[in-house]
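In: Provided below are the primary sequence and the corresponding predicted coordinates.
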Protein chains: 2
Amino acid sequence: MTARIGESMICCGLMSGTSRDGIDVAFVEITGRFPDNKIRLIHGETLPYPGRLRGMLMTGYQALSAVDVATLDFWIGRCFGLAVLQALRRAGLRRKDIDLIGSHGQTLLHLPEGMKQGREIVRSTLQVGNGAVIAQITGITTVSDFRSADIAVGGEGAPLVPIYDYVVLRSPSRSRVALNIGGIANLTAIPRGAPLKAIFSFDTGPGNCLIDTAVGVFTGGKETYDKNGVRAARGAVNTRAFEMILSDPYFARKPPKSTDPEKFAGSAPMAFVIEAMLREALADPRDERMRSKLRAADRKRLSNHLANSVTRTATEAVAESITRAIEKFVMPTMRPDEIIVTGGGSKNRFLMDCLRQSIMRSLPRAVVETGEAFGINSDAKEACAFAYLAYLCLKGIPANVISQNAGLKGAVLGAIYRAPKWRAT
Amino acid sequence: MTARIGESMICCGLMSGTSRDGIDVAFVEITGRFPDNKIRLIHGETLPYPGRLRGMLMTGYQALSAVDVATLDFWIGRCFGLAVLQALRRAGLRRKDIDLIGSHGQTLLHLPEGMKQGREIVRSTLQVGNGAVIAQITGITTVSDFRSADIAVGGEGAPLVPIYDYVVLRSPSRSRVALNIGGIANLTAIPRGAPLKAIFSFDTGPGNCLIDTAVGVFTGGKETYDKNGVRAARGAVNTRAFEMILSDPYFARKPPKSTDPEKFAGSAPMAFVIEAMLREALADPRDERMRSKLRAADRKRLSNHLANSVTRTATEAVAESITRAIEKFVMPTMRPDEIIVTGGGSKNRFLMDCLRQSIMRSLPRAVVETGEAFGINSDAKEACAFAYLAYLCLKGIPANVISQNAGLKGAVLGAIYRAPKWRAT
């Protein structure tokens, strides 16, 4: 076991992102004092959700009832708790080695724009995976529900990771962009030598959700993502569809702003793209001829060709939307030296290449690299961030820096569910 | 302002019961050490829910979507927070006088029996009124979500008030039953001189929910409850319906057990009763004649007569179910000297009389009195209990005594949402 020196704490972070494919678990050692903490990853892994649970999450949140919400809250809580126990065994750690768990939970709904109720607008967010269940299963004090307090002070409830980005990535000599490409892509801009109150962050728009939807729809659900960007590399960009995606008004909106996959995957823009590309394909004289007497092999080739091209288009659009976000909303304030990419998108080589190419346009000398080049585990990053956010909650440190930097109140984020035997650390 | 001596804390309790008619707010001063705390009510009042919100809650939880849950969580949180501010003004207190808020929230669902999900049974509970919202509006650290931890250890998630009953009502010389008649009626049995681990508690079954439904249905929604029991006093018991209610298998089930109004009001047993009484009324030859040439005045009289009789039947059934619960499940362990009645039901004089009469059958010398006779504010009791439960959470004291007494694990109840400026008290 890791020796604990001085102010050291071992925290566990739990995250399940918008792609809902499983639970990221990370154990980190946190030493030092805020904001000069050192955060070291001890162990990180991703555990799958039970198939039935994943199915329920995939049905779409619009269709979920109050009973489903209550059931998912406890069911996901149990899965998260069991994931911690499993990861502990694999890491060779014991329960009592862990001081604290920070669990993001699974977002069911995020409605910062609010719902009209008579004369009132009620803004809300809903993460499930009850912290009491996690605390009871693991015997470890658990912090959850990180987003509500920021919504309550008028913030977007997202992103919450910037304070972690700042602590881990700030540099006295290099201006950095921490870019996380999960279902949604978000970035934190950290000017060189800047104080916490000078950083800013926002969701650039869709990340993997757009690409995953393209792959899923055009392979009839047989594939769920574009491994290494292989499909995209073989496809061709459909310019009209590409522009159609990028014409979404979200991209023009000034930060602070946040979004969710519901908006981009499966819904309006993506549906337009798919429709447009299908029309184009069918209008193609070669395809016209094929329509009349298609052999199975041709049919497959056509569908493969379409799948690759929609995937390529989605991938290029994601890269372009990120680059435009940097050009429009980051560069007026700071010229990035380094762009540090984490999340599932950082594994997509083709996406990384697209990004490098589009970034080069206005930042020819900027380094675009995955977190690993900076000593960060790209997969575990968000889980590590929530371990750290739990630590900040326990220390009583307001962590909603993006809202604070926009003039809103600081808020201690999270709800503390005490373990059976509470250790005040 | 109240002077604070020694270990004193001023806590606020917030409760909205199963009748969903408003928010009970109580400010209490807690002194001494557990379990010898003294709890003094400083101020208590009930504030109504906004009409539109109440309407949404009344639509029935089955019909609520995930979006409704998220919206209610924040909307009710806001109402609770504003209720605290309003009550503070009326009590002549300031925010900074209050150390802590304990908010029960509004129960949307309570499913301790669980829902089947494949091979798993997922037990859950769902209270809304987000603690982060309350903490941000009031600037006071807020504890909420008290029931989840007890569900997580295998408990019923209810009742949670017994630890409060014990601290406030235990006596070295008198065996007591603390009976709270809200929408649901529950009791805590506190044998004289007994330790905490000897008390037991359970929901006896329906309380006001049965009576309110009777009144509501038979006045076409014009009245919502039987004020002072006036209707019941004028009605006649329908014996068949009375027995039909009491034949519900819940009453025979051994404690620990808990239930909710959904089960008794509006659903099966009540519907049977209403149907049976209507049939009987129509079969009555007098009513038969009236059917053919009813004048408006007669019609009104008939309907009034029916309303009164259903109300009377419901009221007698509630009293009888409580008495039988005491006979069957309390008396084998302890012979109560005093039955201390709180909650809305304690205001219903007719119900209190019914209860006294049925209790007399097996406990001729027992005192059946409202909380006021014992220095307890009947209206504010549950809110006071949640103020105290918040205190216990902060102190790290497991408060799920009923589950512990049934051999389950002790759990610290509640999620702590820290105020902007955290005071570690």
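Out: Cool, got the structure.
In: would you mind measuring from A:Ala66 to A:Leu108?
Out: Remark: distance between A:Ala66 and A:Leu108 (C-beta to C-beta, to the nearest Å) = 11 Å. To be clear about C-beta, it is placed using only N, CA and C from the backbone, and glycine gets the same treatment.
In: between those two, which contacts overlap?
Out: B:Ala66 (C-beta atoms under 8 Å, 6 or more residues apart in numbering or on different chains).
In: how far away is A:Arg192 from A:Ile359?
Out: In terms of C-beta to C-beta, A:Arg192 sits 18 Å off from A:Ile359.
In: okay, the two: which has more neighbours?
Out: A:Ile359 (21 against 16; other C-beta atoms under 10 Å in any protein chain shown).
In: is it true that that one lies in a strand?
Out: No: with DSSP: H, G, I helix; E, B strand; the rest coil as the criterion, A:Ile359 is located in helix rather than a strand.
In: mind listing the strands for the stretch 251-400 of chain A?
Out: According to DSSP state E, counting those that start in this stretch, the stretch 251-400 of chain A carries its strands in the segments A:338-342, A:367-370.
In: quick one: buried residues of the lengthiest strand in chain A?
Out: Identified as the longest strand of chain A according to DSSP state E is strand A:100-117. Of the residues in strand A:100-117, A:100-112, A:115 count as buried by neighbour count, 16 or more other C-beta atoms under 10 Å in any protein chain shown.
In: for whichever residue of the stretch 201-350 of chain A sits closest to chain B, which non-adjacent residue is closest in space?
Out: Nearest to chain B, among the residues of the stretch 201-350 of chain A, is A:Glu262, at 11.4 Å (C-beta to the nearest C-beta). Excluding the flanking residues, the one nearest A:Glu262 by C-beta to C-beta, 6 or more residues apart in numbering or on different chains is A:Tyr61, at 7.1 Å.
In: ok, now A:Leu72?
Out: A:Val128 (4.7 Å).
In: who does that neighbour bridge with?
Out: A:Gln106 (DSSP bridges).
In: what about it, how many residues nearby?
Out: Neighbours around A:Val128, by other C-beta under 10 Å: 27.
In: ok, now A:Ala411?
Out: Neighbour tally, A:Ala411, other C-beta under 10 Å: 27.
In: same thing with the one 5 residues further on?
Out: Look at A:Ile416: counted by other C-beta under 10 Å, it has 25 neighbours.
In: OK, contacts around it?
Out: With C-beta under 8 Å, 6+ apart, A:Ile416 has these contacts: A:Gly131, A:Thr141, A:Thr142, A:Val143, A:Cys393, A:Leu394, B:Ala415, B:Ile416, B:Tyr417, B:Arg418.
In: now the residues you listed in JSON lines, with secondary structure?
Out: Listed next are these as JSON lines, based on three-state DSSP:
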{"residue": "A:Gly131", "secondary structure": "helix"}
{"residue": "A:Thr141", "secondary structure": "coil"}
{"residue": "A:Thr142", "secondary structure": "strand"}
{"residue": "A:Val143", "secondary structure": "strand"}
{"residue": "A:Cys393", "secondary structure": "helix"}
{"residue": "A:Leu394", "secondary structure": "helix"}
{"residue": "B:Ala415", "secondary structure": "strand"}
{"residue": "B:Ile416", "secondary structure": "strand"}
{"residue": "B:Tyr417", "secondary structure": "strand"}
{"residue": "B:Arg418", "secondary structure": "coil"}
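In: for the buried ones among those, write the corresponding PyMOL selection.
Out: The buried subset of the contacts of A:Ile416, as determined by 16+ other C-beta under 10 Å, is captured in PyMOL by this line:
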select buried, (chain A and resi 131+141+142+143+393+394) or (chain B and resi 415+416+417+418)
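In: so what's the residue nearest to A:Glu262 up against?
Out: Residues near A:Tyr61 by C-beta under 8 Å, 6+ apart: A:Leu108, A:Leu109, A:Glu262, B:Ala66, B:Val67.
In: what does A:Gln62 give?
Out: B:Ser65, B:Ala66, B:Val67.
In: so, low pLDDT: which residues of the stretch 101-250 of chain A?
Out: For the stretch 101-250 of chain A, no stretch is flagged by pLDDT under 70.
In: would you list every one of the helices in it?
Out: A:131-138, A:148-152, A:162-169, A:208-218, A:230-234, A:239-246 (DSSP state H, counting those that start in this stretch).
In: distance of the residue nearest to A:Ser171 when sequence neighbours are not counted relative to chain B?
Out: In space, and not counting its chain neighbours, A:Ser171 is closest to A:Arg192: 5.8 Å by C-beta to C-beta, 6+ apart. Separation of A:Arg192 from chain B (C-beta to the nearest C-beta, to the nearest Å) stands at 31 Å.
In: next one: phi and psi at A:Arg192?
Out: phi -60, psi 140 (degrees, to the nearest 10).
In: kindly report the same for A:Pro195.
Out: Here is the backbone geometry of A:Pro195 (degrees, to the nearest 10): phi -80, psi 170.
In: so who does it touch?
Out: Counting by C-beta under 8 Å, 6+ apart, A:Pro195 has no contacts.
In: buried set for stretch A:383-399?
Out: Buried-residue list, stretch A:383-399, by 16+ other C-beta under 10 Å: A:383-395, A:397-399.
In: with stretch A:242-252 instead?
Out: For stretch A:242-252, a neighbour-count test (16+ other C-beta under 10 Å) marks A:Phe242, A:Met244, A:Ile245, A:Leu246, A:Asp248, A:Tyr250, A:Phe251 as buried.
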